[in-house]
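Participant: Got a sequence here, can you build the structure:
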Amino acid sequence: MMLREILIYMLAFGMLFFLGDFAHNYYIETQEISLGFSLRNMYAFHAFFSLQLCIVFALLSNNEKLRPQLGFIYLGSFVLKMIVFCIVFYNPLFTVEKLSNTQRISLIIPMIVFLILEVYFIIKILNKNHSQK
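Facilitator: Residues are numbered from 1 along each chain as shown. Presented below is the predicted three-dimensional model:
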């Protein structure tokens, strides 16, 4: 059962990575826009981190002591994700004097896309745990 869930997470985040990266890069290239950073790295970061969070939460959901705290743990992990993102992508974010609107939107789109899927899976995990009580 747990292996099946993990495979579903891997498949979902993998597909979202390839589809999102392809569509976003296609749009940027057809509009002949230069971003100054790698969209693929942005998508890869969010895909990897969101996948890891879902796997960890699926594993933690089996722990009786941690189960009631999973919602709070998720909030902390989201803050950690944003901190790590800022550290990893420090140069594209903070060394440029001013980001254009296209660059700002291109930074936010991968985060929002993966956040939606991540929250969907985390809610499923939390609801599954709630119904097990």
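Participant: can you map out the helices along this structure?
Facilitator: 2-30, 39-60, 70-88, 90, 101-132 (DSSP state H).
Participant: distance of residue 23 from residue 16?
Facilitator: Note on residue 23: its distance to residue 16, by C-beta to C-beta, to the nearest Å, is 10 Å. (Glycine included, C-beta is placed from N, CA and C.)
Participant: Now do the phi/psi pair for residue 66.
Facilitator: Residue 66 has phi and psi values of phi -90, psi -20 when expressed as degrees, to the nearest 10.
Participant: per-residue confidence for it?
Facilitator: Looking at residue 66, its pLDDT is 85.
Participant: ok now do the closest residue to it other than its chain neighbours, which residues does it touch?
Facilitator: Ranked by C-beta to C-beta, 6 or more residues apart in numbering and with sequence neighbours excluded, the top spatial neighbour of residue 66 is residue 60, at 5.1 Å. Residues counted as contacts of residue 60 (C-beta atoms under 8 Å, 6 or more residues apart in numbering) are 66-67, 70, 73.
Participant: Can you tell me how far residue 60 is from residue 20?
Facilitator: 27 Å.
Participant: got a list of contacts for stretch 6-20?
Facilitator: The contact list for stretch 6-20, computed with C-beta under 8 Å, 6+ apart, reads 43-44, 47, 50-51, 54-55, 58, 109-110, 113-114, 117, 121.
Participant: Show me which pair in those residues is furthest apart.
Facilitator: For those, the maximum inter-member distance is 26.2 Å, found between 58 and 109 (C-beta to C-beta).
Participant: and residue 49, how many neighbours does it have?
Facilitator: When counting by other C-beta atoms under 10 Å, one arrives at 21 neighbours for residue 49.
Participant: And for residue 122?
Facilitator: Based on other C-beta under 10 Å, the number of other residues close to residue 122 is 21.
Participant: give the contact list for it.
Facilitator: Residues counted as contacts of residue 122 (C-beta under 8 Å, 6+ apart) are 53-54, 57, 74.
Participant: Recalculate using a threshold of 6 Å.
Facilitator: Residues near residue 122 by C-beta atoms under 6 Å, 6 or more residues apart in numbering: 57, 74.
Participant: Look up how far residue 84 lies from it.
Facilitator: Summarising the geometry, the distance separating residue 122 from residue 84, computed by C-beta to C-beta, is 18 Å.
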